[in-house]
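Chemist: The following comprises the amino acid sequence and a computationally predicted model.
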Amino acid sequence: MRALVTGASSGIGKVFAEELAKRGYDLVLVARRKERLEKLAHDLSSIYGVAVEPFVADLTDFDKLRELVERFSDIDLLINNAGFGLISPFVEIDTEKGLKMVDLNIRALYYLTKEFSKKMVKRNGNEAGIINIASTAAFQPVPGFATYAATKAFVLSLTEAFSKELEGRVKIMVVCPGPTKTEFFNVAGLPNMRAKFIMTPEKVVKGSLRAFEKGKRTYIPGFFNKLLVFLQRFVSRELALNVVARFFYEKPEGEV
Ligand SMILES: NC(=O)c1ccc[n+]([C@@H]2O[C@H](COP(=O)([O-])OP(=O)(O)OC[C@H]3O[C@@H](n4cnc5c(N)ncnc54)[C@H](OP(=O)(O)O)[C@@H]3O)[C@@H](O)[C@H]2O)c1
């Protein structure tokens, strides 16, 4: 079995790579930071005896996406994990950066999901699967984090719908983590973010792989994250919007 993990140079993606290597998967690891990918590939292959191929790429570059699909047509498990957010009022986000976020979080994920799922269906291997990483931000609009939340809403909606279409043929799951201890908030421009219920990437990934083995369609790691998403069903969209705005827009340095 061979898995392809995007965004494997840090955080959740790196832990996915480690956990899958432990389970005996050969790996293709994708990200932009070459040294990190090469070191991880070397470490995992020497510890677990699996074949690990680093593929250095900016996934907002469409030629690289195409090359990835052509070179690794026999992937059994795709983990679409690469993504980033920017905490800033919508009008103030640099337009190029905002579009890069859309290109990575939506366009790259869409293309890889589509092309690899076509190949998986053709090969008719019921072992094949895809895990897409969304966020708890997918469940409501987030002032101050508007583009990011909208990209993750796309990932959640798309993945749930087409996993139903491919039920019984390809296993597809969407993961919606809440705040997780990775480089995410540094990149997002909020290095001092404190969250009461922050999770480790190890917990997020181990839980995700267990849920995937059980055949879940949607997985929200952590009791508190599940509770928050559940409670949203009982409040109006306007109230949810006002509450979320307090944390990310009105005083983004506060505690979530
Ligand atoms: N941490 C959280 O609180 C949290 C919560 C909910 C959802 N998530 C989601 O979880 C996923 C993983 O994030 P993380 O928390 O592990 O953050 P992270 O530590 O910042 O990791 C992000 C990964 O994406 C890669 N990446 C970024 N831009 C890329 C590009 N243009 N092309 C290729 N790779 C790129 C980065 O590698 P390079 O920089 O080397 O390219 C890195 O490996 C993301 O989709 C994120 O939205 C995170």
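Modeler: On my side now, so go ahead. None of the values given here were measured: they were computed from a predicted structure.

Chemist: Around the ligand, which positions in the stretch 1-150 of the chain sit nearby?
Modeler: Applying C-beta under 6 Å from any ligand atom, we find that the stretch 1-150 of the chain lies next to the ligand at 7-13, 31-33, 58-60, 81-85, 104, 133, 135. Bear in mind the C-beta positions are built from the backbone N, C-alpha and C, glycine included.

Chemist: change it to 5 Å
Modeler: 7, 9-13, 31-33, 58-60, 81-83, 104, 133, 135 (C-beta under 5 Å from any ligand atom).

Chemist: Report the spatially nearest residue to residue 37, omitting neighbours in sequence.
Modeler: residue 54 (3.8 Å; C-beta to C-beta, 6 or more residues apart in numbering).

Chemist: list the contacts for that neighbour?
Modeler: 29, 30, 34, 37, 38, 40, 41 (C-beta atoms under 8 Å, 6 or more residues apart in numbering).

Chemist: Looking at those residues, point me to the pair that's furthest apart.
Modeler: By the measure C-beta to C-beta, 30 and 38 form the most distant pair in these, at 12.6 Å.

Chemist: So between those two, which is more surrounded?
Modeler: With neighbours defined as other C-beta atoms under 10 Å, residue 30 and residue 38 compare such that residue 30 has more, 29 against 15.

Chemist: That one: what secondary structure?
Modeler: Under the three-state scheme (DSSP: H, G, I helix; E, B strand; the rest coil), residue 30 adopts strand.

Chemist: Can you check the pLDDT for it?
Modeler: pLDDT recorded at residue 30 is 98.

Chemist: That one contacts residue 67, correct?
Modeler: No - Residue 30 is beyond contact range of residue 67, at 10.8 Å (criterion: C-beta atoms under 8 Å).

Chemist: list residues touching both of the two?
Modeler: With C-beta under 8 Å, 6+ apart, residue 30 and residue 67 have common neighbours residue 57.

Chemist: For the helix or strand where residue 37 lies, buried residues please.
Modeler: Residue 37 is part of helix 34-48 when elements are defined by DSSP states H and E. Within helix 34-48, the residues that qualify as buried are 36, 37, 40, 41, 44, 45, 48, counting by 16 or more other C-beta atoms under 10 Å.

Chemist: between these, which is closest to the ligand?
Modeler: Lowest distance from the ligand to the buried residues of helix 34-48 (C-beta to the nearest ligand atom) belongs to residue 36, with 6.2 Å.

Chemist: Was I right to think that closest one contacts residue 13?
Modeler: No - look at residue 36 against residue 13 with C-beta under 8 Å: they stay out of range, at 10.6 Å.

Chemist: Longest helix in the protein, please.
Modeler: If you go by DSSP state H, the chain has its longest helix at helix 146-165.

Chemist: what's in contact with that helix?
Modeler: 80, 83-87, 90, 93, 98, 101-102, 105-106, 109-110, 113, 117, 130, 132-135, 137-142, 172-174, 176, 188, 217-218.

Chemist: Which members of those residues are positioned in helices?
Modeler: 98, 101, 102, 109, 110, 113, 117.

Chemist: How about the contacts made by the second one?
Modeler: Listed by C-beta under 8 Å, 6+ apart, the contact partners of residue 101 are 84, 85, 86, 147, 148, 151.

Chemist: how close does residue 180 get to residue 199?
Modeler: Residue 180 sits 5 Å away from residue 199, taking C-beta to C-beta, to the nearest Å as the criterion.

Chemist: Between those two, tell me which one has more neighbours.
Modeler: residue 180 (23 against 20).

Chemist: right, and residue 205 touches residue 12 too?
Modeler: Yes - counting by C-beta under 8 Å, residue 12 is a contact partner of residue 205 at 6.2 Å.
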